[in-house]
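> Quick one, fold the following:
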Amino acid sequence: MRKIRIVSFFLAAMISLQLAAKTPGNLSDKSYTDKKFYFATWGDPGAGTEEVKQAWMAKLARAGITDILPGGGVDQLKDLIRIGTPLGVRVHAWHWMMNVGGTKECQDNPDWYSVNALGQSCRDYHPYVGYYSFLSPFSPGAREYVKKGVKEIAKIKGLASVHFDYIRYVDVVLGADLQKKYKLNGKPLVQNQVFPEFDFDYHPLARKEFKEKFGMDPMDLPDKEENPAWKQFRMDKITSLVEECIQICHEEGTMASAAVFPFPELAREYVRQDWSHWNLDLFFPMAYKGDHQGNMGWVGFATKQGIREMKKGQLLFTGVAVGDYGDNMADFEEAIKQAHDNGAIGITFFHANALNDKHLAIIKKYDQLYNKK
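Numbering: from 1, shown residues only. This next block holds a predicted model:
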């Protein structure tokens, strides 16, 4: 058994090194040269009138926000690009990748879904919340579905990037404070171990591929919850899909970006997301201190860890949740300073409609401070 584990780990590591050897497209080098530090936000104005959208975006632009990451369909994105361009605001398409909710096309293809260690399909079993319906990167049909969605958006003229969200597996572990919101088998959720309900992806094709490569069905691994080769094998499958989607974006002349977990080591452990090996142009790690019982040092720490593992030419926007700071504007300012001082190119806020006039005044203050001519 020990021999199998050593060989498995070695081969998986070789695959990971091959993926890491590629270099990013560096499209970000051309787009982020006019300022030293940028301000961005997830969110959109909703289905308002043209005047409402213009007023919403102009208010953000006056505060110094240069990048927005809205959801919505193609028409909404085109509208926001048209409005934002004269204001100097870039629009990134916030796009859900592996988590597809109740999408009918996916529901009609049950073999597309990720499977947990109990054999439960994410089509029918929704861990944590009802909208968790994750596809499997081992399913060819699911991969094509994801790439088709990226290509449709990447074709939009004037788009800054296709912004990948939920490009990962189901959370193996939730942040400490998030665990308090959920139960498992009627009892408070305490994730002091890997529970099979949340351990994905045991898709039949994943098991088959792993067995062909390593000689053992991962279900038969005595330490399958923690086996390093099995972990890396699954992460590399997500990475390969990311690389294909990046290529699609670059072929259409747009950048590729992603919302990722706070820093690489946590991302690998919590959601099997190996983002430091991705050749993205922009990373937006979600350094939400409120999810992880973090103090103000959490934001700077997460930023620094991400910067440390990135490749030359890649840029990082530290993501913070506005709600984590409440009315404490001093801490909100400190979050901006922590991102800046630890090497981020910018900071992004979740979400736009949580930013009040006090927040915007602080953003404007630091935009002027950091971007003096």
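> doesn't residue 320 fall inside a strand?
Yes - using DSSP: H, G, I helix; E, B strand; the rest coil, the assignment for residue 320 is a strand.
> ok, it - contacts?
287, 288, 289, 299, 335, 339, 347, 348, 349, 350 (Cβ atoms under 8 Å, 6 or more residues apart in numbering). No exception for glycine: its C-beta is placed from N, CA and C like everyone else's.
> And residue 145, by the same measure?
Contacts of residue 145 by Cβ under 8 Å, 6+ apart are 100, 105, 106, 109, 112, 135.
> which one of those residues is nearest residue 247?
Using Cβ to Cβ, residue 135 is the member of those that lies nearest residue 247, at 19.2 Å.
> What sits closest to that closest one if chain neighbours are left out?
residue 142 (3.9 Å; Cβ to Cβ, 6 or more residues apart in numbering).
> Verify the contact between that neighbour and residue 148 for me.
No - judged on Cβ atoms under 8 Å, residue 142 makes no contact with residue 148 at a distance of 10.7 Å.
> Compare neighbour counts for the two and give me the winner.
Comparing residue 142 with residue 148 by other Cβ atoms under 10 Å, the one with more neighbours is residue 142, at 23 against 11.
> and that one, how far is that from residue 280?
Per Cβ to Cβ, to the nearest Å, residue 142 is found 21 Å from residue 280.
> can you give me the mean pLDDT across the longest helix anywhere in the chain?
Scanning the chain for the longest helix, with DSSP state H as the assignment, gives helix 228-251. Averaging pLDDT along helix 228-251 gives 98.
> Now the element after it, going C-ward?
Remark: after helix 228-251, the chain's next helix or strand is strand 255-260, criterion DSSP states H and E.
> Can you give the distance of that next one from its chain's centre?
Mean-position distance between strand 255-260 and its chain equals 7 Å (Cα atoms, centre = their mean, to the nearest Å).
> Can you pull out the residues in contact with that strand?
Contact with strand 255-260 is made by 25, 27-28, 31, 42, 92, 94, 160-165, 167-168, 242, 245-246, 249-250, 267, 273, 275, 278, 280-286, 319, as judged by Cβ under 8 Å, 6+ apart.
> in the chain, what secondary structure element scores lowest on mean pLDDT?
Every helix and strand of the chain was ranked by mean pLDDT, DSSP states H and E. The lowest is helix 2-20, at a mean of 39.
> Let me see the ranges of the strands in the protein.
38-42, 65-69, 90-96, 161-165, 183-184, 187-188, 255-260, 282-285, 315-321, 346-350 (DSSP state E).
> These: which one's closest to residue 119?
Of all those, strand 183-184 sits nearest to residue 119, with 17.5 Å by Cβ to Cβ.
> which residues touch residue 38?
So residue 38 contacts 32, 66, 67, 317, 345, 346, 347 (Cβ under 8 Å, 6+ apart).
> beta partners of the third one?
In other words, residue 67. Beta-bridge partners for residue 67, by DSSP bridges, are residue 40, residue 90.
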